[in-house]
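Peer 1: quick one, fold the following:
(2 chains)
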Protein chains: 2
Amino acid sequence: MIVLHHFPLCPFSRQARVVLREKALSCKLVNEDYWEQPRSLLYLNPAGQVPVLVDNKTIVSEINAILEYLDEKYRTTRLLSDSPEENAEIRRIIGWFNGKFYNEVTRYILNEKVVRYFTKSGTPSSEYIRAAKSNLNYHLDYIDFLLNKNKWLAGNKLTFADIVAACQLSVLDYLGDVPWDRNLAPREWYSVIKSRPSFRDILNDKISGFNPSPHYNVLDF
Amino acid sequence: MIVLHHFPLCPFSRQARVVLREKALSCKLVNEDYWEQPRSLLYLNPAGQVPVLVDNKTIVSEINAILEYLDEKYRTTRLLSDSPEENAEIRRIIGWFNGKFYNEVTRYILNEKVVRYFTKSGTPSSEYIRAAKSNLNYHLDYIDFLLNKNKWLAGNKLTFADIVAACQLSVLDYLGDVPWDRNLAPREWYSVIKSRPSFRDILNDKISGFNPSPHYNVLDF
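Peer 2: I've put the predicted structure just below:
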């Protein structure tokens, strides 16, 4: 029995959910309002962050630990490779999107629009949101650049790199903040990922207080 | 032939250096003033960050990618385990120190004291440094807590978890910012790590403009 403690609009939580589905593992989802630092969450993860994966007696937190754990433990539908060189590129791209992209784009938009709403801590900073949207443009161009070299972000098959990047984007897309008209290749790539059964749950997410953008769950957007 | 592009006081660069030595791999070090975003570095890593490992034709950036690459490719002296459950804990602790600890402690002290000096961008913010030092206390307590359960941070043998945490601390220790009197166990653990041959190069680092703290390279401090 796998339990995932998550928040629906957390990009890291989404990555764990999609990977579980890619590996055909069922799990029970437990919603965590992590900004309230509930005791039950701190007990599982002293860092107080989601996602936390509980697989019988094994408790896993930190997104890299969760992704790597799932790929080591459940070896059908591998999302890494057997080649250290290919894995180096997959993990470089994971680092790009969960580090750089998150810190320059998702974190600002999520904190300003969503966390502020739930914690009732004032109006969003339009300055931060504008900066994040500006940063997003060059990240879309970088995705475009990668897709001009390969069919998928890290090579010729779907890997963690694609899931990680698509989940970061999916949060922004829910909020209507992705300028999809900017590049063709990222839009087509995201459309293919959206069509995967593993993404279906995420496209059906409804977060109270926030309506998804009109095209959010449209596969051919 | 392995080349490591690094900055001596970068905690992530130090992790790569120590791991290379633990695995008895020789490498050529290339110093990068990464804050100047030199073209040669951007060519290797579009994120413009150190460290970057170049192993013949394989270019690896992002610290997780580098650590995992070295452990997959050079399998003597493993620093991960064969058990997915043990690896989950090792990687959780990597995430703690390279994410939470770095963002709450090292980043502030490094940026305020060192990067400001090299970029000639004003005097250090005493407020940021004070906040970072205050955060450091509870991280030392957390190391103490982990060492009360096991001999090493993630279990009964040295792993990436210890190297990652010790390298983050080593940067602060160079600058004289670690209150070693606070807890006994972290001090003894760090003393043991300092005594390893893999750490020797780091203890001999001299950064122009900054003298190391008097006890920095003393093994029995």
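Peer 1: contacts and neighbour counts: CA atoms only from here.
Peer 2: Fine.
Peer 1: helices and strands around the longest helix seen in chain A, which ones?
Peer 2: Scanning chain A for the longest helix, with DSSP state H as the assignment, gives helix A:126-149. Secondary-structure packing of helix A:126-149 (3 or more CA pairs under 8 Å, 6 or more residues apart in numbering or on different chains; DSSP states H and E): helix A:107-109, helix A:184-194.
Peer 1: what residues sit buried inside the longest one?
Peer 2: Buried positions in helix A:184-194, judged by neighbour count with 16 or more other CA atoms under 10 Å in any protein chain shown: A:Ala185, A:Pro186, A:Arg187, A:Trp189, A:Tyr190, A:Ser191, A:Ile193, A:Lys194.
Peer 1: tell me the residues of chain A that contact chain B?
Peer 2: Counting by CA under 8 Å from any CA of the partner chain, chain A comes close to chain B at A:47, A:58, A:60-62, A:64-66, A:68-69, A:72-73, A:84-85, A:87-89, A:91-92, A:95-96, A:100.
Peer 1: coming back round to it: closest one to B:Lys157 among the helices and strands packed on helix A:126-149?
Peer 2: B:Lys157 sits nearest to helix A:107-109 of all the helices and strands packed on helix A:126-149, at 35.8 Å, using CA to CA.
Peer 1: got the contact list for that closest one?
Peer 2: Contact with helix A:107-109 is made by A:Tyr128, A:Ile129, A:Ala132, A:Leu172, as judged by CA atoms under 8 Å, 6 or more residues apart in numbering or on different chains.
Peer 1: please apply the same query to stretch A:196-208.
Peer 2: Stretch A:196-208 is contacted from outside by A:Pro8, A:Leu9, A:Arg14, A:Val18, A:Val19, A:Arg21, A:Glu22, A:Ile193, A:Lys194, A:Pro212, A:Tyr216, A:Asn217, using CA under 8 Å, 6+ apart.
Peer 1: could you do stretch A:49-59 as well?
Peer 2: A:1-7, A:10, A:12-13, A:16, A:32, A:34, A:41, A:44-45, A:60-63, A:66, B:85.
Peer 1: just checking, which of those belong to strands?
Peer 2: A:Ile2, A:Val3, A:Leu4, A:His5, A:His6, A:Val60, A:Ser61 (DSSP state E).
Peer 1: can you give me the helices in chain A?
Peer 2: Under DSSP H, chain A gives helices at A:11-22, A:39-44, A:63-73, A:84-95, A:107-109, A:116-119, A:126-149, A:160-174, A:184-194, A:200-203.
Peer 1: to B:Thr123, which of those helices lies closest?
Peer 2: helix A:126-149 (25.5 Å).
Peer 1: coming back round to it: quick one: which of the buried residues of helix A:184-194 is nearest to chain B?
Peer 2: A:Pro186 (18.5 Å; CA to the nearest CA).
Peer 1: leaving out the residues flanking it, which one is nearest to that closest one?
Peer 2: Counting by CA to CA, 6 or more residues apart in numbering or on different chains, A:Pro186 lies nearest to A:Asp144, which is 5.6 Å off, once chain neighbours are set aside.
Peer 1: now do the one you found: how many residues are near it, please.
Peer 2: A:Asp144 is flanked by 19 other residues according to other CA atoms under 10 Å in any protein chain shown.
Peer 1: could you do A:Cys167 as well?
Peer 2: Applying other CA under 10 Å, we find 28 residues neighbouring A:Cys167.
Peer 1: now swap in A:Leu29 and tell me
Peer 2: Counted with other CA under 10 Å, A:Leu29 comes out at 15.
Peer 1: the nearest residue to it once chain neighbours are set aside pairs with what?
Peer 2: With CA to CA, 6+ apart as the measure, A:Leu4 is the residue that lies nearest to A:Leu29, at 5.0 Å, once sequence neighbours are left out. Per DSSP bridges, the residues bridged to A:Leu4 are A:Leu29, A:Leu53.
Peer 1: quick check: end-to-end length of stretch A:101-110?
Peer 2: One end of stretch A:101-110 sits 13 Å from the other (CA to CA, to the nearest Å).
Peer 1: err, stretch A:93-106, not the other one
Peer 2: 16 Å.
Peer 1: now swap in stretch A:30-38 and tell me
Peer 2: So stretch A:30-38: terminal residues 13 Å apart, CA to CA.
Peer 1: which residues sit against it?
Peer 2: A:Val3, A:Leu4, A:His5, A:His6, A:Phe7, A:Pro8, A:Leu41, A:Gly48, A:Gln49, A:Val50, A:Val115, A:Thr119.
Peer 1: repeat that for 10 Å
Peer 2: With contact meaning CA atoms under 10 Å, 6 or more residues apart in numbering or on different chains, stretch A:30-38 is reached by A:3-8, A:10, A:40-42, A:46-52, A:115, A:118-119.
Peer 1: just the buried residues of these.
Peer 2: Looks like those have A:3-8, A:10, A:41, A:47-52, A:115 buried, using 16+ other CA under 10 Å.
Peer 1: just curious, which of these is nearest to chain B?
Peer 2: Out of these, the member with the shortest distance to chain B (by CA to the nearest CA) is A:Ala47, at 7.5 Å.
Peer 1: A:Ser61 is in contact with that closest one, correct?
Peer 2: Yes: applying CA atoms under 10 Å, one finds A:Ala47 in contact with A:Ser61, separated by 8.7 Å.
Peer 1: want to throw the helices of chain A into a markdown table with mean pLDDT?
Peer 2: A markdown table is the format used below for these (pLDDT from 0 to 100):
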| stretch | mean pLDDT |
| --- | --- |
| helix A:11-22 | 98 |
| helix A:39-44 | 96 |
| helix A:63-73 | 98 |
| helix A:84-95 | 98 |
| helix A:107-109 | 98 |
| helix A:116-119 | 95 |
| helix A:126-149 | 98 |
| helix A:160-174 | 98 |
| helix A:184-194 | 97 |
| helix A:200-203 | 96 |
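Peer 1: the residues of chain A next to chain B, buried ones only, as a ChimeraX selection?
Peer 2: In ChimeraX, a selection of the buried entries from these looks like this (16+ other CA under 10 Å):
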select /A:47,60,61,62,64,65,66,68,69,72,84,85,87,88,89,91,92,95,96
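Peer 1: I'd assumed A:Asn64 was in contact with A:Ile94.
Peer 2: Yes: between A:Ile94 and A:Asn64 there is a contact at 8.6 Å, judged by CA under 10 Å.
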